[in-house]
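Colleague: Just need the structure, nothing else, for what follows:
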Amino acid sequence: MQTEKITLNRQVFTLYIQYQSDDNLRKKFNQLTNEVWGFDFENYYKSGYWDDNCIIYSLFIDDQIVSHTTVSTFETIVKNESIVLAQLGTVMTRHDYQKQGLSRYLMERILQDYKEKVSGMFLFANDSVLNFYPKFNFSAVQEFQASKQIEFRESSHQVRKLNLDDLDQRKLLETYVDNSIPTSSFNTKNRSLTFFYCYAYPDFGFKDSIYYIESLKTIAIVQKEENTMTILQLFQLEEQNIEDIILALATPDVDTVLFGFSPLNADYNYTIHKEEDLTLFVSPELEDLFNNQKLMIPILSHT
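Modeller: Next up, the predicted model:
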């Protein structure tokens, strides 16, 4: 944990960084997160998957949290080069401390702290703050979602649904996450965030959507709704024909496949993807990449 005294607007704040192991401070953080976003990170912390790739920055006055931003770091490969990127998320300021420059301070501090540590940053901004991030040289870019129409055919590959409450099955997913080859044109490898979605938060995550195809050495995170199957993520130990994976996972009623990431080596249909009230912003280092390719931030990498 890092602690500093900060003076802003003639008020003295305490900046806490990476303090999640402090029970009292974490409780305050969870309270504000619940007030602003309607959930908290307590299950995530207790799951044991909150690691050093999730770094929390918070300003406190006395024992009250007043403003916060989270930094999540990812390993990825861009133009055949392995790099580290950062995503900013969980941005929030207590109502009675808004419009006092606290979010600006945290943004400037994080940019300074990470300018030599990462090769680029991205974030999702609510429509109410679209004018804020360009002040820090972030640009709005479009995302594109891949899709494919399919005809059902029987597959010889057996699919097994995983239950992550079983330690052995959870360890199996860990092995695949840690050792997976890249499966996306914008591959964001982050074990901590994967298990946030797949294990720590079953109420709004994907704990009930994890499927193992042993013969294809693949674990897929998949959801189905009516005639549409969404493959949110693939973890593979060896490169496989994605068509074989689709056929193994599809049921007879499925005729459309959507992807929650940008699949590699696939000639699919692409449409502009935008979640309601969210716009993707990227730092200057990533602007050309997103403007010149049809990419999507993997859904399991959102913060």
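
Colleague: what's the helix or strand for residue 285?
Modeller: Per DSSP states H and E: residue 285 is located in helix 284-292.

Colleague: hmm, who's touching that helix?
Modeller: 78, 85, 119-122, 137, 139, 141-143, 186, 280, 282, 295 (CB atoms under 8 Å, 6 or more residues apart in numbering). Using the backbone N, CA and C atoms, a C-beta is placed for each residue, glycine as well.

Colleague: Pull out the buried residues from the longest strand seen in the chain.
Modeller: Counting residues, the longest strand found in the chain (DSSP state E) is strand 64-78. Residues of strand 64-78 classed as buried: 65-74, 76, 78 (neighbour count, 16 or more other CB atoms under 10 Å).

Colleague: Count the residues that sit near residue 113.
Modeller: Neighbours of residue 113 under the rule other CB atoms under 10 Å: 16.

Colleague: Is it in a helix, a strand, or coil?
Modeller: Under DSSP: H, G, I helix; E, B strand; the rest coil, residue 113 falls in the helix class.

Colleague: Could you do residue 294 as well?
Modeller: Assignment for residue 294 (three-state DSSP): coil.

Colleague: isn't residue 231 right next to residue 254, touching?
Modeller: No - using CB atoms under 8 Å as the test, residue 231 is too far from residue 254 to be in contact (11.0 Å).

Colleague: So which of those two has more stuff around it?
Modeller: Neighbours per residue, other CB under 10 Å: of residue 231 and residue 254, the larger number sits with residue 231, 24 against 18.

Colleague: Show me what the more buried one is bridged to.
Modeller: For residue 231, the beta-bridge partners under DSSP bridges are residue 222, residue 259.

Colleague: For residue 198, see how far away residue 270 is.
Modeller: Distance, residue 270 to residue 198, by CB to CB, to the nearest Å: 26 Å.

Colleague: Likewise for residue 64?
Modeller: 33 Å.

Colleague: Return the angle between stretch directions for the longest strand of the chain and helix 284-292.
Modeller: 60 degrees (axes from the mean of the first three to the mean of the last three CA atoms, to 10 degrees).

Colleague: Now do strand 64-78, average pLDDT.
Modeller: Predicted confidence along strand 64-78 averages 93 (mean pLDDT).

Colleague: And stretch 228-236, by the same measure?
Modeller: pLDDT averaged over stretch 228-236 gives 97.

Colleague: Please apply the same query to stretch 101-119.
Modeller: Rounded mean pLDDT across stretch 101-119 is 96.

Colleague: and what of stretch 158-172?
Modeller: 97.

Colleague: contact partners of that stretch?
Modeller: Outside stretch 158-172, the residues touching it (CB under 8 Å, 6+ apart) are 173, 198-199, 207, 210-215, 219, 248-249.

Colleague: quick one: that stretch to chain centroid distance?
Modeller: 22 Å (CA atoms, centre = their mean, to the nearest Å).

Colleague: just stretch 33-42 next, same as before
Modeller: With CA atoms, centre = their mean, you get 16 Å for stretch 33-42.

Colleague: Report the backbone C-alpha coordinates of that stretch in PDB.
Modeller: Output in PDB follows, covering the C-alpha atoms of stretch 33-42 (Å, rounded to 0.1, in the frame of the first residue of the first chain):
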ATOM      1  CA  THR A  33     -18.800   1.500  -5.500                       C
ATOM      2  CA  ASN A  34     -22.200   0.100  -4.400                       C
ATOM      3  CA  GLU A  35     -23.600   3.700  -4.200                       C
ATOM      4  CA  VAL A  36     -22.400   4.600  -7.700                       C
ATOM      5  CA  TRP A  37     -22.400   1.400  -9.600                       C
ATOM      6  CA  GLY A  38     -24.600  -1.000  -7.700                       C
ATOM      7  CA  PHE A  39     -22.100  -3.700  -6.900                       C
ATOM      8  CA  ASP A  40     -18.900  -4.100  -4.900                       C
ATOM      9  CA  PHE A  41     -15.500  -5.900  -5.100                       C
ATOM     10  CA  GLU A  42     -15.700  -7.900  -1.800                       C
END
